[in-house]
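Enquirer: Got a predicted structure here, sequence first:
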Amino acid sequence: MKNMMKHPSITLMLVLMLSLVLSGCNSTGTNTPSASGGGDAEAQGTVERIKERGKLIAGVKYDTKLFGLKDPASGDVEGFDIDIAKALAKQILGDETKVELKEVTSKTRIPMLQNGDIDIIIATMTITDERKEQVDFSDVYFEAGQSLLVKNDSAIAGLESLDGVKVLAVKGSTSAQNIREKAPKADVLEFDNYQDAFTALKAGKGEALTTDNIILIGMQQTDNNYKLVGGNFTSEPYGMAIRKGDTAFVEEVNKMLKALKDSGEYDTLHEKWLGSKPE
């Protein structure tokens with residue numbers, strides 16, 4: 001000790017080294033959750049945030065008749081997905097009106113969820129293995145299948161008729177991927193949303209439009225000059241998407257969905273928007 005006192009620089013160095021060691025220990029203890037999946041831990045708590053905020057923020061489509069369509073005159077957004085969002089708000093907050101709807105597209109919905117702009121995606125979103133790497137999904141709440149929409153006088157009868165044909169699709173959708181796989185000789189032209197794609201079809205920029213059958217039926221209802229052809233050539237199970245790792249919110253959403261089905265309200269909503277009760 002006497003020798004150390006004669007050399008204060010040595011004493012100072014030892015003190016600094018001890019401080020660094022202690023700091024490192026504390027830092028390791030603090031950061032352990034992140035090292036073992038802190039992102040998942042941070043994702044937890046959506047239900048609590050919704051309750052604190054006093055409203056659910058749902059990402060929905062504004063351009064998809066039957067599921068989520070905005071009325072330009074009134075500004076109201078209506079559809080099957082919208083009523084599902086209201087049911088979730090009612091379960092969490094006791095009031096179906098305590099929901100804020102934010103427009104998403106197939107391209108923007110996952111980034112908006114990951115950025116925290118929305119609590120949940122309820123927007124005709126197909127559950128896929130690729131998407132499961134980015135988000136968690138609820139149980140399936142609707143079963144769709146992809147098809148083709150063409151003019152009534154079109155000679156196109158199905159996938160076999162698409163060689164050299166311009167087929168319209170939406171960016172970020174499974175339909176854009178599937179049509180390239182199932183009709184590799186088709187010329188696929190992608191748009192930002194369904195409204196733009198349907199407008200392009202009507203303007204003659206393509207000869208067919210592909211997406212989920214129920215979305216195409218919604219388009220057909222607005223213009224009876226078009227028909228669906230080719231049957232369903234894929235299976236498209238819709239799920240509600242939640243931030244990765246938020247298992248508590250997934251459970252809450254599945255609880256709501258089960259309650260809707262057990263009470264018969266799901267059948268009522270299905271018939272209201274899609275014309276029949278589920279099979």
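Expert: That came in fine, so what should we check first?
Enquirer: show me the contacts for Ser147.
Expert: Listed by Cβ atoms under 8 Å, 6 or more residues apart in numbering, the contact partners of Ser147 are Thr210, Asp212, Asn213, Leu216, Leu228, Val229, Gly230, Gly231, Asn232, Phe233. C-beta: built from backbone N, CA, C; applies to glycine.
Enquirer: ok so Ala169 is a helix residue?
Expert: No - read with DSSP: H, G, I helix; E, B strand; the rest coil, Ala169 is strand and lies in no helix.
Enquirer: Buried ones in stretch 50-68, by neighbour count?
Expert: Across stretch 50-68, burial judged by 16 or more other Cβ atoms under 10 Å covers 50, 55-68.
Enquirer: Give the rounded mean pLDDT of it.
Expert: Averaging pLDDT along stretch 50-68 gives 96.
Enquirer: Please apply the same query to stretch 124-140.
Expert: Averaged over stretch 124-140, pLDDT sits at 97.
Enquirer: mind listing what's buried in that stretch?
Expert: Neighbour-count burial for stretch 124-140 flags Thr124, Met125, Thr126, Ile127, Arg131, Val135, Asp136, Phe137, Ser138 (criterion: 16+ other Cβ under 10 Å).
Enquirer: hang on, the earlier thing: from the contacts of Ser147, pick the one nearest Gln195.
Expert: Lowest distance from Gln195 to those (Cβ to Cβ) belongs to Leu216, with 13.2 Å.
Enquirer: The closest one contacts Val150, correct?
Expert: No - at 9.9 Å, Leu216 does not count as touching Val150 under the criterion of Cβ atoms under 8 Å.
Enquirer: so what's in contact with these two at the same time?
Expert: Leu209.
Enquirer: hey, where'd the helices end up in the stretch 1-150 of the chain?
Expert: Secondary structure of the stretch 1-150 of the chain (DSSP state H, counting those that start in this stretch): helices located at 2-6, 8-35, 38-43, 46-53, 80-93, 109-114, 129-132.
Enquirer: So what touches the last one?
Expert: Going back to what we said before, that points to helix 129-132. Contact with helix 129-132 is made by Ile110, Met125, Phe137, Ala241, as judged by Cβ under 8 Å, 6+ apart.
Enquirer: who's in contact with the second one?
Expert: By Cβ under 8 Å, 6+ apart, the contact list for Met125 reads Ser106, Arg109, Arg131, Tyr238, Gly239, Met240, Ala241.
Enquirer: Tell me which two of those residues sit farthest apart.
Expert: Pairwise distances across the contacts of Met125 (Cβ to Cβ) peak at 15.0 Å, for the pair Ser106 and Met240.
Enquirer: Could you check which of the two is surrounded by more residues?
Expert: Per other Cβ atoms under 10 Å, whichever of Ser106 and Met240 has more neighbours is Met240, with 29 against 24.
Enquirer: Pretty sure that one sits against Ser138.
Expert: Yes - Met240 lies in contact with Ser138 (Cβ under 8 Å); the separation is 4.1 Å.
Enquirer: which neighbours do those two share?
Expert: Shared contacts of Met240 and Ser138 (Cβ under 8 Å, 6+ apart): Val253.
Enquirer: can I see the domain layout of this structure?
Expert: Annotated domains of the chain cover 42-143+237-274, 146-234 [automatic domain parsing].
Enquirer: how far does the shortest one sit from the chain's center?
Expert: For domain 146-234, the distance from its own C-alpha centre to the chain's C-alpha centre is 21 Å (Cα atoms, centre = their mean, to the nearest Å).
Enquirer: again with the longest one
Expert: Offset of domain 42-143+237-274 from its chain centre (Cα atoms, centre = their mean): 8 Å.
Enquirer: mind listing what Asp95 touches?
Expert: Residues near Asp95 by Cβ under 8 Å, 6+ apart: Ala89.
Enquirer: For the protein, name the helix or strand with the lowest mean pLDDT.
Expert: Ranked by mean pLDDT, DSSP states H and E, the helix or strand of the chain with the weakest confidence is helix 8-35, at a mean of 42.
Enquirer: burial of the nearest residue to Met112 once chain neighbours are set aside, as a residue count?
Expert: Spatially, and ignoring its direct neighbours in sequence, Met112 is nearest to Ile118 (5.2 Å; Cβ to Cβ, 6 or more residues apart in numbering). Around Ile118 there are 25 other residues, counting by other Cβ under 10 Å.
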